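Colleague: 3D, please:
(one chain, ligands or ions: 2)
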Amino acid sequence: MPAETKLFRCLKDNYGVLIHDSTSGATAAIDAPEAAPVEAALKAAGWTLTDILVTHHHADHTDGIAELKKKYNCRVVAPKAEAGKIPMVDRTVSEGDKVSVGALTANVIETPGHTAGHITYWFHGDKLAFAGDTLFSIGCGRVIEGTPEMMWASLKKLRDLPGDTQVYCGHEYTLANIKFALTIEPDNAALKARAAEAAKQIADGIWTVPTTIDEEKAANPFLRADVPSVAAAVGLAGKPAAEVFAEVRARKNKF
Ligand code: ZN
Ligand code: FE
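Modeller: Ligands and ions are numbered 1, 2, ... in the order given. Have a look, this model is predicted:
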């Protein structure tokens, strides 16, 4: 049976998401921004929480853990490098580890940069990736604990996933990201199409997430730092991609 997912909003602009295995009844929450919306989503679907898969230690991804753990006694899986900053961790994971949610399996991909130990959960069999605050639709997370080189390497790992992988991310920032991306690539046809699509999705009250790797490769400037026209657009023609990425990220920070 294929995985079922359920996406919902938390806090100001966070996304919460559940992944469910109907064979076993197992259900995982990817991060726990706050308990109440997670519980509401579980109730609406008739699911019981068995696992919380944490992408990184920031409070807007972990503040709901204690309450959910108390209510459901679920397993908490977290990146090894950040386990000391995350409450009630039962299992720590790092690059290459596998995490089961019932009959579903996620591969752990280390994607540091936003935080030093950030990880992505890739359910390859279901073509789903949960990228936390590393990759956003038409954007990426701020480089807070790592270096731009580190973040670029992480984004390249995600870019290498199969193109039809559906990517869930931690925040709804899509329209603001598109506005910025158009300053870098005003003539990118895929980006212009995504801008029209996302504006309609928001107007219709539909999520702009999940996105796909193929869609992001075509329109997300942070995945396109090694495209010559992007380097030229930021005055760095011929320079290393990590340098181009750093410049694009710096411009977004000031945007
Ligand atoms: Zn974060
Ligand atoms: Fe966040």
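
Colleague: going forward, measure contacts between C-alpha atoms and count neighbours the same way
Modeller: Will do.

Colleague: strands along the stretch 1-150 of the chain, start to end?
Modeller: Here the stretch 1-150 of the chain has its strands, by DSSP state E, counting those that start in this stretch, at 4-10, 14-20, 27-30, 51-53, 75-79, 91-93, 98-101, 104-110, 119-123, 128-130, 135-136, 139-140.

Colleague: okay if I get those as JSON lines plus distance to Pro162, mean neighbour count and mean pLDDT?
Modeller: Supplementary listing: the strands of the stretch 1-150 of the chain in JSON lines, determined by distance: least, CA to CA, whole Å; neighbours: other CA atoms under 10 Å; pLDDT from 0 to 100:
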{"stretch": "strand 4-10", "distance to Pro162": "19", "mean neighbour count": "16", "mean pLDDT": "97"}
{"stretch": "strand 14-20", "distance to Pro162": "19", "mean neighbour count": "24", "mean pLDDT": "98"}
{"stretch": "strand 27-30", "distance to Pro162": "21", "mean neighbour count": "26", "mean pLDDT": "98"}
{"stretch": "strand 51-53", "distance to Pro162": "22", "mean neighbour count": "26", "mean pLDDT": "98"}
{"stretch": "strand 75-79", "distance to Pro162": "23", "mean neighbour count": "24", "mean pLDDT": "98"}
{"stretch": "strand 91-93", "distance to Pro162": "23", "mean neighbour count": "16", "mean pLDDT": "98"}
{"stretch": "strand 98-101", "distance to Pro162": "18", "mean neighbour count": "17", "mean pLDDT": "98"}
{"stretch": "strand 104-110", "distance to Pro162": "14", "mean neighbour count": "21", "mean pLDDT": "98"}
{"stretch": "strand 119-123", "distance to Pro162": "11", "mean neighbour count": "27", "mean pLDDT": "98"}
{"stretch": "strand 128-130", "distance to Pro162": "10", "mean neighbour count": "25", "mean pLDDT": "98"}
{"stretch": "strand 135-136", "distance to Pro162": "15", "mean neighbour count": "28", "mean pLDDT": "98"}
{"stretch": "strand 139-140", "distance to Pro162": "19", "mean neighbour count": "25", "mean pLDDT": "98"}
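
Colleague: and Tyr168, which of those strands is closest to it?
Modeller: Nearest of the strands of the stretch 1-150 of the chain to Tyr168, taken as CA to CA: strand 128-130 at 4.9 Å.

Colleague: tell me the strands beside the closest one, with direction?
Modeller: Paired neighbours of strand 128-130 in the sheet (DSSP bridges): strand 119-123 (antiparallel), strand 166-168 (parallel).

Colleague: alright, that wraps it up for me.
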